[in-house]
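K.L.:
prediction below, plus the sequence it came from.
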Amino acid sequence: MRFSDSIVALSSGKLPAGVAVVRLSGSRTRFAVETIAGKSAPERTASLRKLRQTDGSLIDTGLVIFFAGPTSFTGEDVAEFQVHGGKAVVAALLQALTAIEGIRHAEPGEFTRRAFLNGKLDLVETEALADLINAETESQRRFALLNAGGAQSELYEGWRRQLIHARAMIEAEIDFADEDDIPGSVLEAVWSGMRKLSSDIATHIDGFHAGEIIREGFDVVILGAPNAGKSSLFNALAKREAAIVSDEPGTTRDLIEVALDLHGLKVRLTDTAGLREQAGTVEGIGIKRAKERAESADLIVLLQDMTIAPPDIELPEGARALRIGTKVDLLAEEEQGKEAEFDLVVSGRTGQGLDKLLERLGELAERAAASAGDLLPTRLRHMELLNEGKAFIERALSGTDLELQAEDLRLAGERLGRIVGAVDVEDLLDVIFSQFCIGK
Ligand SMILES: Nc1nc2c(c(=O)[nH]1)N(C=O)[C@@H](CNc1ccc(C(=O)N[C@@H](CCC(=O)O)C(=O)O)cc1)CN2
Ligand SMILES: Nc1nc2c(ncn2[C@@H]2O[C@H](COP(=O)(O)OP(=O)(O)OP(=O)(O)O)[C@@H](O)[C@H]2O)c(=O)[nH]1
Ligand SMILES: [Mg+2]
């Protein structure tokens, strides 16, 4: 595919920085390198050059790398200028490049969009590349890298090939039905293959939440009566004073969230308003939010002040909870039998039990998350298409008319093709590429 404009952007991060990478892609690339760097640059080799404005004045001395299309990231001619990472240096270089006819600033994700349109990446790999750039934890990085390398795409392409093969077998049966040279067992094998495929897709779909835990984080909500010590524990785990602590019951009203990295997994921890019946308007809203938030949590950490009688707190049905006794530092020696009533006891004041709690949270997150090599749907977009595809396979399986059954398998394959972008996806591209930053 040939685009009329060449595009340029700062591809490295926030300035000032040690070094900045300015990337250029498109048919004007060779000319731009000759203009700015004085002469052409050798392919895929860094050369140190004086970079100049069109009037001959020096912008910076930097490294230039040229990648000839189609064997480049975008599939077009690409050049990179690695310059000193000053704001004015980069501004002057971008100014000089965009002053060249046919070169303009890139839009967010536009380099990757060109890579996709030139067949360098499919849609699932593109989404995984966005995840890789946003990865903050080890598990996010490994998961994204696997899919950016095409593992998830290969799974879907394999399923699509099976569907195409099954259709071919059915078409042959339709065409030669009276010739008796296609044994009946061929169709039997086709349908048993489709039953297996449908169940493989179902298993794959079931893994979505495990993948979501890697991508979005394991969702832990702290609940308890007012003054139970929720915010104190929350701050101690977050290692900063993110929430206000006071001896006044009803201090916290809004949901407050921090992200922790436990065992290489993202864990989202939310502090909430203390649950009680008698509360003012604002506190009442906070309590409603706390309850709603708890409904969708992966884990509830239920806190109870060990020095007072246990309040009556109802957890959402089917919720997984850890019961934590707080303020253990205030417990008299003769009361220590109480500890047996809890999964763990802690003190936000002395720090007792915090390491154990973090360890437990990490273990539970690990258990709920997918393991590194698992292939899972990573977007609701995939889930919708997988569900639709599976429904078509099931309709084919329960059908009786070979023509209609073959058509259902075609529709199923079309849905899988939409996931990787092998069939018309024009309508999706803007959504997907807008996830990227400029320069990618
Ligand atoms: N300086 C720099 N570092 C970078 C990138 C970049 O664009 N520039 N990348 C950008 O994201 C990543 C590396 N990804 C890349 C992927 C493909 C090609 C490429 O030239 N592909 C050709 C040739 C492949 C080959 O020779 O093996 C191709 O696919 O045809 C380059 C970088 C990470 N590091
Ligand atoms: N001794 C002792 N005091 C604690 C401990 N944890 C909290 N406190 C005290 O208990 C009071 C309430 O603590 P918070 O952390 O604000 O309690 P909360 O559960 O967030 O309360 P609300 O936001 O009002 O629902 C404060 O005075 C804290 O200093 C603890 O482990 N030991
Ligand atoms: Mg609080």
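P.N.:
Noted; the coordinates are in hand. Ligands and ions are numbered 1, 2, ... in the order given.
K.L.:
the closest residue to Arg349 other than its chain neighbours: neighbour count?
P.N.:
The shortest distance from Arg349 to any non-neighbouring residue, by C-beta to C-beta, 6 or more residues apart in numbering, is to Asp329 (5.3 Å). (Glycine included, C-beta is placed from N, CA and C.) Other residues near Asp329 come to 15 when the count uses other C-beta atoms under 10 Å.
K.L.:
tell me who's in contact with the closest residue to Leu123 other than its chain neighbours.
P.N.:
Take Leu123 and drop its neighbours on the chain: the residue closest to it by C-beta to C-beta, 6+ apart is Gly421, 3.2 Å away. Gly421 makes contacts with 116, 122-124, 126, 428, as judged by C-beta atoms under 8 Å, 6 or more residues apart in numbering.
K.L.:
now, which of the residues you listed sits nearest Val33?
P.N.:
Nearest to Val33 out of those is Phe116 (C-beta to C-beta; 24.7 Å).
K.L.:
verify the stated contact: the closest one with Thr126.
P.N.:
Yes - here Phe116 reaches Thr126: they are 5.4 Å apart, a contact under C-beta atoms under 8 Å.
K.L.:
need the residues touching each of these two.
P.N.:
With C-beta under 8 Å, 6+ apart as the test, Phe116 and Thr126 both reach 421, 433.
K.L.:
which among the contacts of Gly421 end up buried?
P.N.:
116, 122-124, 126 (16 or more other C-beta atoms under 10 Å).
K.L.:
most widely separated two among those residues?
P.N.:
Phe116 and Val124 (10.7 Å).
K.L.:
and Arg268, that one's in a strand?
P.N.:
Yes - Arg268 forms part of a strand when assessed by DSSP: H, G, I helix; E, B strand; the rest coil.
K.L.:
quick one: contacts for the residue nearest to it when sequence neighbours are not counted?
P.N.:
Nearest non-adjacent residue to Arg268, counting by C-beta to C-beta, 6+ apart: Gly217, 4.1 Å away. If a contact means C-beta under 8 Å, 6+ apart, then Gly217 has 259, 265-268 as its contacts.
K.L.:
out of the residues you listed, grab the one that's most surrounded.
P.N.:
Val267 (25 neighbours).
K.L.:
for that one, list each beta-bridge partner.
P.N.:
Beta bridges link Val267 to Phe218, Leu260, judged by DSSP bridges.
K.L.:
you'd agree it is up against Leu361?
P.N.:
Yes - contact criterion C-beta under 8 Å: Val267 and Leu361 qualify, at 5.9 Å.
K.L.:
rewinding a little: mind pulling up the pLDDT for the residue nearest to Leu123?
P.N.:
Predicted confidence (pLDDT) for Gly421: 88.
K.L.:
can you tell me how far it is from Asp131?
P.N.:
For Gly421, the distance to Asp131 equals 16 Å [C-beta to C-beta, to the nearest Å].
K.L.:
doesn't Leu63 belong to a helix?
P.N.:
No - the assignment for Leu63, made by three-state DSSP, is strand rather than a helix.
K.L.:
tally of neighbours for it?
P.N.:
By other C-beta under 10 Å, 18 other residues sit near Leu63.
K.L.:
surely it and Arg49 touch.
P.N.:
Yes - Leu63 lies in contact with Arg49 (C-beta under 8 Å); the separation is 7.5 Å.
K.L.:
which element, helix or strand, includes the residue of the stretch 201-350 of the chain found nearest ligand 1?
P.N.:
Proximity of the stretch 201-350 of the chain to ligand 1 (C-beta to the nearest ligand atom) peaks at Arg215, 20.1 Å away. Per DSSP states H and E: Arg215 is located in helix 208-216.
K.L.:
okay, the buried ones among the contacts of Gly421 in a markdown table with distance to Glu384 next?
P.N.:
Output for the buried ones among the contacts of Gly421, formatted as a markdown table (distance: C-beta to C-beta, whole Å):
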| residue | distance to Glu384 |
| --- | --- |
| Phe116 | 20 |
| Asp122 | 18 |
| Leu123 | 14 |
| Val124 | 14 |
| Thr126 | 18 |
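K.L.:
how is this protein divided into domains?
P.N.:
The record's domain parsing of the chain by automatic domain parsing lists 6-119, 125-201+376-433, 214-368.
K.L.:
among the ones you listed, which comes closest to Phe208?
P.N.:
domain 125-201+376-433 (5.0 Å).
K.L.:
quote the end-to-end distance of that closest one.
P.N.:
End-to-end distance of domain 125-201+376-433 (C-alpha to C-alpha, to the nearest Å): 12 Å.
K.L.:
quick one: check that domain for contact with ligand 1.
P.N.:
No - with C-beta under 6 Å from any ligand atom as the criterion, ligand 1 is not reached by domain 125-201+376-433; the gap is at least 7.3 Å.
K.L.:
what secondary structure does the closest residue to ligand 2 within the chain sit in?
P.N.:
Nearest residue of the chain to ligand 2 (C-beta to the nearest ligand atom) works out as Gly274 at 2.6 Å. Recorded secondary structure, Gly274: coil (three-state DSSP).
K.L.:
give me the phi and psi angles of it.
P.N.:
phi -60, psi 140 (degrees, to the nearest 10).
K.L.:
could you check the pLDDT of it?
P.N.:
Confidence score, pLDDT, at Gly274: 94.
K.L.:
give the contact list for it.
P.N.:
Applying C-beta under 8 Å, 6+ apart, the residues contacting Gly274 are 224-228, 230, 249-252, 287.
K.L.:
please list only the buried members of those.
P.N.:
224-228, 230, 250-252, 287.
K.L.:
give me the distance from stretch 92-100 to the chain's centre.
P.N.:
Centroid separation between stretch 92-100 and its chain, computed with C-alpha atoms, centre = their mean, to the nearest Å, is 34 Å.
K.L.:
list the buried ones in it?
P.N.:
92-94, 96-98, 100.
K.L.:
go on, stretch 311-329?
P.N.:
313, 315, 319, 321-328.
K.L.:
name the element the nearest residue to Ser40 once chain neighbours are set aside belongs to?
P.N.:
Once flanking residues are discounted, Ser40 sits nearest to Glu34: 5.5 Å by C-beta to C-beta, 6+ apart. According to DSSP H and E, Glu34 maps onto helix 29-37.
K.L.:
end-to-end on stretch 28-45?
P.N.:
In stretch 28-45, first residue to last residue: 19 Å (C-alpha to C-alpha).
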